[in-house]
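S.K.: missing the sequence, but the structure's below:
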């Protein structure tokens, strides 16, 4: 069977500089094992499958897979899949410019601004839960990073569960060379999806540099991670590191793997978070299954 298929680059308006997500638009007859096999074959950080919604409130339903497992929610697949279904004419924005995606975590609201090549998408991050990292976990994390952390890291659950660590500056983030084997073991012990680190830029239009690692999920380094950036925003808000009336800022991610992702972050006065950016389709065709 031939199934409509796209690969969408997310958090960039220029091909090959963001984070690609494979989107399978025709999913009739595919079971979970087949979806997981396709995700393993694409070998991208995520592959998504678009299905009819089971909720009357949703425009479509999405299942999201890493090469090894299914996720209840993920950021760049949410934006890339929305771009794909809009481009393919499978759905249209509501009058309010919104889309509602149904996924494992529930309903996720997206906002669509402009059209065509100028289209920009953002999603409302699901509510975040922050938990402390135990002393043994902190000691192991600092050993893996080769850095002492001045601000206590946190385990941030937004569907995917990220261990979030604040480093001194962007240069420290860019120069990081974590021990991925030990990190995978720590991820499994803590029950987290992976690790997201960030540090402030000294100059330029971007506020922070971000890197995300998820070796236990088969992803050594995720080029640009929406839920990871959302978890960083939740961390900053919870630690009192953002203005009380909220803030818009730009994050960059992907430099260390040859990308240039640009992530638009909005945190409002109540701590609600939106993550957005541009998307561009790089591959369009059919998948045989």
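M.R.: Right, received. Where do you want to start? Only a predicted model underlies this, so the values are computations on that prediction, with no experimental measurement involved. Residues are numbered from 1 along each chain as shown.

S.K.: Is residue 183 part of a helix or strand, or is it coil?
M.R.: helix (DSSP: H, G, I helix; E, B strand; the rest coil).

S.K.: That one against residue 215, yeah?
M.R.: Yes - Residue 183 is in contact with residue 215 according to Cβ atoms under 8 Å; the separation is 5.6 Å. Any C-beta I mention is one placed from the backbone N, CA and C, and that applies to glycine too.

S.K.: Need the overlap of contacts for the two.
M.R.: residue 194 (Cβ atoms under 8 Å, 6 or more residues apart in numbering).

S.K.: Do a quick rundown of the helices in this protein.
M.R.: Along the chain, counting by DSSP state H, helices occupy 32-42, 75-87, 135-145, 170-174, 180-190, 226-238.

S.K.: Tell me what angle the fifth one forms with helix 135-145.
M.R.: Here helix 180-190 runs at 160 degrees with respect to helix 135-145, directions being taken by axes from the mean of the first three to the mean of the last three Cα atoms, to 10 degrees.

S.K.: max-length strand in this protein?
M.R.: What stands out as the longest strand in the chain, according to DSSP state E, is strand 273-288.

S.K.: Which other helices and strands does it contact?
M.R.: strand 2-10, helix 75-87, strand 120-124, helix 226-238, strand 261-267 (3 or more Cβ pairs under 8 Å, 6 or more residues apart in numbering; DSSP states H and E).

S.K.: Dump those to JSON lines, plus mean pLDDT, mean neighbour count and distance to residue 113.
M.R.: As requested, the helices and strands packed on strand 273-288 are arranged in JSON lines below (pLDDT from 0 to 100; neighbours: other Cβ atoms under 10 Å; distance: least, Cβ to Cβ, whole Å):
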{"stretch": "strand 2-10", "mean pLDDT": "98", "mean neighbour count": "21", "distance to residue 113": "15"}
{"stretch": "helix 75-87", "mean pLDDT": "98", "mean neighbour count": "27", "distance to residue 113": "12"}
{"stretch": "strand 120-124", "mean pLDDT": "97", "mean neighbour count": "21", "distance to residue 113": "5"}
{"stretch": "helix 226-238", "mean pLDDT": "98", "mean neighbour count": "27", "distance to residue 113": "16"}
{"stretch": "strand 261-267", "mean pLDDT": "98", "mean neighbour count": "23", "distance to residue 113": "11"}
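
S.K.: okay if I get these as JSON lines plus distance to residue 161?
M.R.: Shown next, in JSON lines, are the helices and strands packed on strand 273-288 (distance: least, Cβ to Cβ, whole Å):
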{"stretch": "strand 2-10", "distance to residue 161": "21"}
{"stretch": "helix 75-87", "distance to residue 161": "13"}
{"stretch": "strand 120-124", "distance to residue 161": "18"}
{"stretch": "helix 226-238", "distance to residue 161": "9"}
{"stretch": "strand 261-267", "distance to residue 161": "19"}
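
S.K.: Between the ones you listed, which one is closest to residue 43.
M.R.: Closest of the helices and strands packed on strand 273-288 to residue 43 is strand 2-10, at 11.8 Å (criterion: Cβ to Cβ).

S.K.: Can you tell me the strand partners of that closest one and which way each runs?
M.R.: strand 19-24 (antiparallel), strand 273-288 (antiparallel) (DSSP bridges).

S.K.: among these, which is the most enclosed?
M.R.: The highest average neighbour count among the strands paired with strand 2-10, using mean count of other Cβ atoms under 10 Å, belongs to strand 19-24 at a mean of 28.
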